[in-house]
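> okay, predicted coordinates and the sequence, questions at the end:
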Amino acid sequence: MVEHVLSCQRCHKTSVVHQHFRPELPQDNDLKAYGNALKNSQGKARLVLLVYPRRSSSLLHEAAPDEVRALFGEATSCQEAGALRAAAAMYRATVEEICRDRQAAGKV
């Protein structure tokens, strides 16, 4: 894992990003071998996570029903953690709750 601390040139705010690589990278503390592996593309990023600032999971308007907001917030948390299948399941549950709340009828 590599941690990057970035600063926006426009607003000067700081962000922290964790970059996870495939296991082809050296596992010891040999920085030269690690740098060479990166330079030669022996390791490619497989997951990049924004660690700071945390994204707000309250992206829905306050008029949305509490249950929909709760499901959507959990889905967003899963997505931020990199648990994409879990996030997809929670987003689907959110849509199903919206349908129940709106008393939608028809084929599923």
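Structure's in. What do you need?

> next up, identify which helix or strand the nearest residue to M1 once chain neighbours are set aside is on.
Leaving out its chain neighbours, the residue that sits closest to M1 by CB to CB, 6 or more residues apart in numbering is H20, at 5.2 Å. Heads up, the C-betas are built off the backbone N, CA and C, glycines and all. Element membership for H20, per DSSP states H and E: strand 14-21.

> please apply the same query to V5.
strand 2-7.

> list the buried residues for that strand?
Within strand 2-7, no residue is scored as buried using 16 or more other CB atoms under 10 Å.

> list the contacts of that strand.
For strand 2-7, the surrounding residues in contact (CB atoms under 8 Å, 6 or more residues apart in numbering) are 13-19, 21, 51.

> tell me, what residue is most central in the protein?
E80 (2.7 Å; CA atoms, centre = their mean).

> pretty sure that residue sits against L50.
Yes: the criterion here is CB atoms under 8 Å, and E80 meets it with L50 at 7.3 Å.

> which residues does the helix-or-strand element of the chain with minimal mean pLDDT contact?
Ranked by mean pLDDT, DSSP states H and E, the helix or strand of the chain with the weakest confidence is strand 45-52, at a mean of 73. Outside of strand 45-52, the residues within contact range by CB under 8 Å, 6+ apart are 3, 14-22, 80-82.

> tell me the two of those that are most distant?
Within these, two members stand farthest from each other by CB to CB: T14 and R22, at 27.6 Å.

> quick one: the closest residue to D101 other than its chain neighbours from L71, how far?
Once flanking residues are discounted, D101 sits nearest to P65: 5.3 Å by CB to CB, 6+ apart. P65 sits at a distance of 10 Å from L71 (criterion: CB to CB, to the nearest Å).
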